[in-house]
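> Below are the sequence and a predicted model for it; my questions follow.
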Amino acid sequence: MSPSTTDSFVSIVGTYQVDPQDTAAFANIAAHSVLATVNKPGCLYYTASQDLAQANVFHLAEGWATQADLDAHLASRDFNDMLEQALKLRILDREIHVSQSHGRVLMS
């Protein structure tokens, strides 16, 4: 693998706490969202993780080459279908941080 760099990119870090009864359903939605997203144009990375200490807490991290790439993802049918499914669940708390990031080294 040879590294390549990006000058800047858009990064998103999110944490979701769901009702314990909805943990399996949210995990399924999150796993499918990764599969649907990682190969989209401009997607640098997209991960969904289930917290080891609290099974009903999920962490999502994603990086996009440009704001336009992120906007295209947010407007996509698959993202909106996933969001619609997730919003049917009992989400107890959610935090999402969007940042402009710099200096990432990509391993390709």
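Done, it's in. Numbers count the residues shown, from 1 in each chain.

> Where does the prediction get shaky in this structure?
The model of the chain has pLDDT under 70 over residues 1-6, 104-108.

> Following element in sequence after the longest helix along it, please.
Ranked by number of residues, the top helix in the chain under DSSP state H is helix 23-37. Counting by DSSP states H and E, the next helix or strand C-terminal to helix 23-37 is strand 43-50.

> Can you list the strands that that next one pairs with?
strand 57-64 (antiparallel) (DSSP bridges).

> which helices and strands sit right next to the helix or strand where residue 16 lies?
Element membership of residue 16, judged by DSSP H and E, is strand 8-18. If you count contacts as 3 or more Cβ pairs under 8 Å, 6 or more residues apart in numbering; DSSP states H and E, strand 8-18 packs onto strand 57-64, helix 67-75, strand 91-102. Where C-beta positions appear, they are placed from N, C-alpha and C, glycine not excepted.

> And residue 66, how close does it get to residue 59?
24 Å (Cβ to Cβ, to the nearest Å).

> Over to residue 47?
Taking Cβ to Cβ, one finds residue 47 at 8 Å from residue 59.

> what does residue 81 give?
22 Å.

> got the CA coordinates for stretch 84-95 in PDB?
Taking C-alpha atoms only, stretch 84-95 is exported to PDB below (Å, rounded to 0.1, in the frame of the first residue of the first chain):
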ATOM      1  CA  GLU A  84     -36.500   6.700   7.800                       C
ATOM      2  CA  GLN A  85     -35.900   3.300   9.200                       C
ATOM      3  CA  ALA A  86     -33.700   4.600  12.000                       C
ATOM      4  CA  LEU A  87     -36.200   7.300  13.000                       C
ATOM      5  CA  LYS A  88     -38.800   4.600  13.600                       C
ATOM      6  CA  LEU A  89     -36.600   3.400  16.500                       C
ATOM      7  CA  ARG A  90     -36.400   4.900  19.900                       C
ATOM      8  CA  ILE A  91     -33.300   7.000  19.800                       C
ATOM      9  CA  LEU A  92     -32.700   8.200  23.300                       C
ATOM     10  CA  ASP A  93     -29.800  10.600  22.500                       C
ATOM     11  CA  ARG A  94     -27.700  11.600  19.500                       C
ATOM     12  CA  GLU A  95     -24.700  13.800  19.000                       C
END
